[in-house]
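Q: model this:
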Amino acid sequence: MSRIEGAYHRLIVWILMVILLLPLAATLIYALVSEWGATILPSGFTLKWMVALWSDPRFLIALGHSLLICFGTLLLSLVLILPLMFVIAYYFPKLDTLMNILILLPFAVPPVVSSVGLMSLYSSGPLAMTGTPWILIGCYFTIALPFIYRAISNNMQAINLRDLMDAAHLLGASTWKAALLVVLPNLRKGGMIAVLLSFSFLIGEFVFANLLAGSRYETLQVYLFNMRNGSGHFTSALVISYFVVVLIFTWIANVLNKEKS
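A: Next comes the predicted model:
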């Protein structure tokens with residue numbers, strides 16, 4: 001590749017980065033200005049909107065609710081899906097076709113329709129879970145399932161699961177010992193990708209959280225919806241804070257992944 005082609009490719013990448021970051025930069029600037037109305041340039045910069053946001057107990061509680069639901073969902077998903085995927089990939093590989101169809105079902109039913117059915121089932125009776133985090137964890141599990149299953153399934157195909165298991169058996173390891181000590185460490189990158197994809201999607205989910213929990217168990221997106229009629233500067237600070245939270249957890253996950261590799 002010539003220097004001209006390389007410079008052209010870098011230019012395209014930089015233009016794309018600018019286009020993607022420009023709305024975020026505008027939101028950040030609006031969150032840091034004291035007033036910006038009829039003038040081209042803002043009248044001044046201030047941190048009062050950020051301070052007001054992070055000193056609001058309601059925001060901190062909503063953030064904690066969102067993180068608790070996301071991490072609870074991811075933990076439940078990994079505990080349930082990983083053994084299932086190992087059994088399917090090693091013992092019943094023909095079931096993978098059926099699973100690829102089943103994992104798409106959560107996207108076939110609109111969240112509004114699912115929420116109406118779930119409200120009629122769990123609003124009363126012995127399993128009255130509407131307005132609690134438990135119903136959200138169950139719903140988010142169905143959302144995370146396609147991302148986790150597809151990412152880990154691709155990773156299993158890349159590491160050649162059956163050859164690894166045969167080699168472990170030749171060395172005297174049992175099936176489940178080989179799965180825990182040989183296969184599971186090789187699925188770390190696929191698992192990390194699955195967790196990051198699911199986390200970035202779940203923390204921004206609104207329909208299930210608003211219809212099934214609402215203000216009774218307010219999450220970050222519901223809090224943003226409830227504050228929509230307030231100051232635009234405050235809302236911009238909330239959007240930037242939401243982005244920074246996702247960015248921090250993504251960075252931590254990447255650092256941990258590099259340290260273990």
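Q: For the nearest residue to Phe243 once chain neighbours are set aside, grab the count of nearby residues.
A: Once flanking residues are discounted, Phe243 sits nearest to Leu24: 6.7 Å by Cβ to Cβ, 6 or more residues apart in numbering. The C-beta positions use only the backbone N, C-alpha and C, and glycine is treated the same way. The burial count assigned to Leu24 is 12, neighbours taken as other Cβ atoms under 10 Å.
Q: Check which residues of the stretch of helix or strand Leu24 belongs to are buried.
A: Per DSSP states H and E, Leu24 falls inside helix 3-32. With burial defined by 16 or more other Cβ atoms under 10 Å, the residues of helix 3-32 counted as buried are Thr27, Leu28, Tyr30, Ala31, Leu32.
Q: For the residue lying closest to Ile61 once chain neighbours are set aside, give me its contacts.
A: Among residues not flanking Ile61 along the chain, Glu218 sits closest, at 7.0 Å (Cβ to Cβ, 6+ apart). Applying Cβ atoms under 8 Å, 6 or more residues apart in numbering, we find Glu218 in contact with Arg58, Ile61, Ala62, His65, Asn226.
Q: now the second one: how far from Leu118?
A: If you measure Ile61 against Leu118 using Cβ to Cβ, to the nearest Å, the figure is 24 Å.
Q: higher neighbour count, these two?
A: Leu118 (19 against 14).
Q: Would you mark the buried spots in the helix or strand where the more buried one lies?
A: If you go by DSSP H and E, Leu118 is part of helix 111-122. Across helix 111-122, burial judged by 16+ other Cβ under 10 Å covers Pro111, Ser114, Ser115, Leu118, Tyr122.
Q: Run through the strands of the stretch 51-200 of the chain in chain order.
A: Assigned by DSSP state E, counting those that start in this stretch, the strands in the stretch 51-200 of the chain number zero.
Q: Run through the helices of it in chain order.
A: Secondary structure of the stretch 51-200 of the chain (DSSP state H, counting those that start in this stretch): helices at 57-90, 95-102, 105-108, 111-122, 133-159, 161-170, 175-178, 184-186, 188-202.
Q: Quick one: closest of these to Leu16.
A: Set against Leu16 and scored by Cβ to Cβ, the helices of the stretch 51-200 of the chain come closest in helix 188-202, at 19.3 Å.
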